[in-house]
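Engineer: Structure for this input, please:
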Amino acid sequence: MIRLNSINLPFDHSETDMVNAIIKLLRIPREDLLSFRILKRSLDARKNRPMLRVYSFVVEVKDEESLSGIINRSEKIVIASDLNYQIPTLRSRKEGNPPLIIGTGPAGIFAGLVLAEAGLNPILLERGKPVNQRTKDVRNFWSNRSLNTESNVQFGEGGAGTFSDGKLRTRVKDKTQRTRKILTDLVIAGAPEEILYDHKPHVGTANLVNVVKNIREKIEGLGGKYRFDSKVVELLIERNSIIGVKLENGNEIFSDTVILAIGHSARDTFVMLEKAGVELAPKPFSVGFRIEHPQELIDKNQYGKYAGHPKLGAAEYQLAFKTSTGRSVYSFCMCPGGAVIGSSSEENTVVTNGMSQYTRAGANANSAIVAEVFPNDYGQNALAGFQFQRKWEMNAFEIGGENYDAPVQLVGDFLSGVMSSSIGNVKPSYLPGYKISNLRETLPPQIVKAIMEALPVFERKIPGFTSPEAVLTAVETRTSSPLRILRGENHQSISCEGLYPIGEGSGYAGGIMSSAIDGMKAAEKVIEKINHQ
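Structural biologist: Now for the predicted structure:
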């Protein structure tokens, strides 16, 4: 197999154009090209130049040896490396009880999948509901303001990423093809095939619901088990080693291997961990607002005269700025053609997040605009970050009218320091509802000041970004975990042998892909440990 890199084509090219580009670069007749597939695809939309698609292909030809001269001379043509993930081999059956996995977000799911494929029959414990019932509970909250504190945007099968844009990007450097395996498994489970090669792949919420369910069925088919409504309230520890867990219903499940994939919002579980003596440490995170613009504005800015072309879809952006005090402000979880959603997991709080369907066909673009928060902003206690988050979530609930409506304000009025009198052309998409408020009162002064300093800078990068009618919605607080569960290179807690903290809740990952990769690494460490026993 041969890999072709950095092949440029017009953004609206045909499949014939791809074939012609391949045979031209390889200098072969069409009949010598046996097959090809896209390995990577990105969009070069830099201004003042033609818009291009940039490809990497893997191709199969009749006589690869005859191309040796071309391969050696061209930086664009190389021999393709192995693209398959090697499932760790279990050299002997594990004695005793199967591994336990607490949480069924991306980290827990892919830890469970690797363990199940290795024949270890993991048990996955989820405090929330199966994804279909969870979806009903979430929509009931958005429609009726009835919050289920164990089944919501944060808790339940699939984790917080299920109700998002389903972005599958990561900066994790992975030479073992874990990323490829994750994407392939998602496609097999029903995700769009384009995620295998798009530079900025996304799945969309509706697709994720089916994908999560299908992966569960695969794990169960391999011998794994799921237990829903199974909240872990105590770790069973002897001589600094895990021996099992206790559930809220009083049942105990024993195992010397417990993978902790609890996500960034399981605050009661973190309290339990601290009481159990598991070592935790505070870490930075970010808080801010959601900002909404007409998607058309973002499209025109990013695509220029090509805005609206059916082969381009909804445009995205990524912004960052370091303020005069050294505090970074940046866009986070940008959702083209999406909506701002209620993401509370505790009563009497307002938490926002963004969500898009796969088509990204909504009228508004939204993104979090958040500023860094450091431990010296909220205290050095490991759990102080959660107290900080909760304080401002409860404050937003009060300002919003104490009925789960979110405070909103026009960007122009926020910058000018005046109350908005009405909403303009950008209709807030937040569900359950919204209340016009003074957003300067919804976050600490240093965070408000940082965001106010950053917004004019973002306006220079995207004209119209601070349009007076753009809308801010408060508050975004769940960008990442405010603490880290300390672990060693073996992925085990430094204070409890056999406990493997992973994913966003551990403080070592952020987002769907990095969490899934972290889960796979932990599963590999578990198998490695068993093989050396």
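Engineer: and the lowest-mean-pLDDT helix or strand in the chain, which residues are buried?
Structural biologist: Ranking every helix and strand in the chain by mean pLDDT, DSSP states H and E puts helix 68-73 at the bottom, with a mean of 78. By 16 or more other C-beta atoms under 10 Å, the buried positions in helix 68-73 come out as residue 71. From N, CA and C alone the C-beta is placed, and that goes for glycine too.
Engineer: helices or strands next to it in the packing?
Structural biologist: strand 77-79 (3 or more C-beta pairs under 8 Å, 6 or more residues apart in numbering; DSSP states H and E).
Engineer: pLDDT averaged over the strand it packs on - what is it?
Structural biologist: On average, the pLDDT along strand 77-79 is 82.
Engineer: same thing with stretch 50-62?
Structural biologist: Averaged across stretch 50-62, the pLDDT comes to 94.
Engineer: what does it contact?
Structural biologist: With contact meaning C-beta atoms under 8 Å, 6 or more residues apart in numbering, stretch 50-62 is reached by 1-11, 13, 18, 21-22, 26, 28, 31-45, 67, 80, 83, 303, 306.
Engineer: Looking at the residues you listed, which are in strands?
Structural biologist: 2-10, 33-44 (DSSP state E).
Engineer: buried subset of the residues you listed?
Structural biologist: Buried by 16+ other C-beta under 10 Å: 2, 3, 4, 7, 9, 33, 36, 38, 39, 40, 41, 43, out of the ones in strands among the contacts of stretch 50-62.
Engineer: Out of these, flag the one nearest to residue 270.
Structural biologist: Taking C-beta to C-beta as the measure, residue 270 lies nearest residue 40 of these, at 38.3 Å.
Engineer: Spell out which residues sit in contact with that closest one, please.
Structural biologist: 55, 56, 197, 199.
Engineer: what about the helices in the stretch 301-450 of the chain?
Structural biologist: 375-378, 384-399, 411-416, 445-461 (DSSP state H, counting those that start in this stretch).
Engineer: ok, and the most crowded of the contacts of residue 40?
Structural biologist: In terms of neighbours by other C-beta atoms under 10 Å, these top out with residue 55 at 22 neighbours.
Engineer: tell me the secondary structure for that residue?
Structural biologist: Here residue 55 is recorded as strand under DSSP: H, G, I helix; E, B strand; the rest coil.
Engineer: For it, give the beta-bridge partners.
Structural biologist: Beta-bridge pairing for residue 55 (DSSP bridges): residue 7, residue 41.
Engineer: Next: residue 254.
Structural biologist: Going by DSSP bridges, residue 254 forms beta bridges with residue 244.
Engineer: Count the neighbours of it for me.
Structural biologist: 12.
Engineer: From residue 293, how far out is the closest residue to residue 469 other than its chain neighbours?
Structural biologist: The spatially closest residue to residue 469, leaving aside those adjacent along the chain, is residue 424, at 3.4 Å (C-beta to C-beta, 6 or more residues apart in numbering). Residue 424 sits 11 Å away from residue 293, going by C-beta to C-beta, to the nearest Å.
Engineer: Residue 6 too?
Structural biologist: Taking C-beta to C-beta, one finds residue 6 at 33 Å from residue 293.
Engineer: any weak-confidence spans in this structure?
Structural biologist: Scanning the chain for pLDDT under 70 picks out the ranges 82-83, 94, 171-176.
Engineer: Which parts of it belong to which domain?
Structural biologist: 2-79, 100-280+481-531, 284-476 (automatic domain parsing).
Engineer: so can I have a markdown table of those showing distance to residue 90?
Structural biologist: Output for the domains of the chain, formatted as a markdown table (distance: least, C-beta to C-beta, whole Å):
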| stretch | distance to residue 90 |
| --- | --- |
| domain 2-79 | 31 |
| domain 100-280+481-531 | 5 |
| domain 284-476 | 35 |
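Engineer: Please identify which of the ones you listed is closest to residue 87.
Structural biologist: That would be domain 100-280+481-531 among the domains of the chain, by C-beta to C-beta, at 5.2 Å.
Engineer: picking that back up, what sits against the residue nearest to residue 469?
Structural biologist: Shown in contact with residue 424 (C-beta under 8 Å, 6+ apart): 410, 468, 469.
Engineer: Could you do residue 192 as well?
Structural biologist: 203, 207, 358.
Engineer: now residue 435
Structural biologist: 399, 400, 401, 405, 406, 407, 408.
Engineer: let's go with 6 Å and repeat that
Structural biologist: 400, 401, 405, 407 (C-beta atoms under 6 Å, 6 or more residues apart in numbering).
Engineer: From residue 51, how far off is residue 304?
Structural biologist: From residue 304 to residue 51 the distance is 8 Å (C-beta to C-beta).
Engineer: Of those two, which one has the most company?
Structural biologist: Each of residue 304 and residue 51 has its neighbours counted (other C-beta under 10 Å); residue 51 has more, 18 against 12.
Engineer: and the spatially closest residue to the more buried one that is not a sequence neighbour, how far is that from residue 92?
Structural biologist: Spatial nearest neighbour of residue 51, chain neighbours left out: residue 11 (4.5 Å); criterion: C-beta to C-beta, 6+ apart. Taking C-beta to C-beta as the measure, residue 11 falls 54 Å from residue 92.
Engineer: out of those two, which sits in the busier spot?
Structural biologist: Neighbour tally, residue 11 and residue 92, criterion other C-beta under 10 Å: the higher count belongs to residue 11, 17 against 8.
Engineer: can you give me phi and psi for the more buried one?
Structural biologist: Note on residue 11: backbone dihedrals following degrees, to the nearest 10 are phi -60, psi -30.
Engineer: please begin residue numbering at 51 from this point
Structural biologist: Sure, I'll start counting at 51 from here, so that last one is residue 61.
Engineer: In contact with residue 342, which residues are there?
Structural biologist: 414, 416, 476, 521.
Engineer: same thing but 8 Å
Structural biologist: Contacts for residue 342 were tallied using C-beta under 8 Å, 6+ apart; they are 390, 414, 415, 416, 476, 478, 479, 520, 521, 522, 523.
Engineer: Most neighbours among the residues you listed, please name it.
Structural biologist: Counting by other C-beta under 10 Å, top hit in the contacts of residue 342: residue 416 with 32 neighbours.
Engineer: beta partners of that residue?
Structural biologist: With DSSP bridges as the rule, residue 416 is bridged to residue 342, residue 385.
Engineer: That one touches residue 387, doesn't it?
Structural biologist: No: here residue 416 lies out of contact with residue 387, judged by C-beta atoms under 8 Å, at a distance of 9.2 Å.
Engineer: Neighbours of the closest residue to residue 488 other than its chain neighbours, how many?
Structural biologist: Leaving aside its sequence neighbours, residue 488 sits nearest to residue 469 (C-beta to C-beta, 6+ apart; 5.9 Å). Using other C-beta under 10 Å, residue 469 has 12 neighbouring residues.
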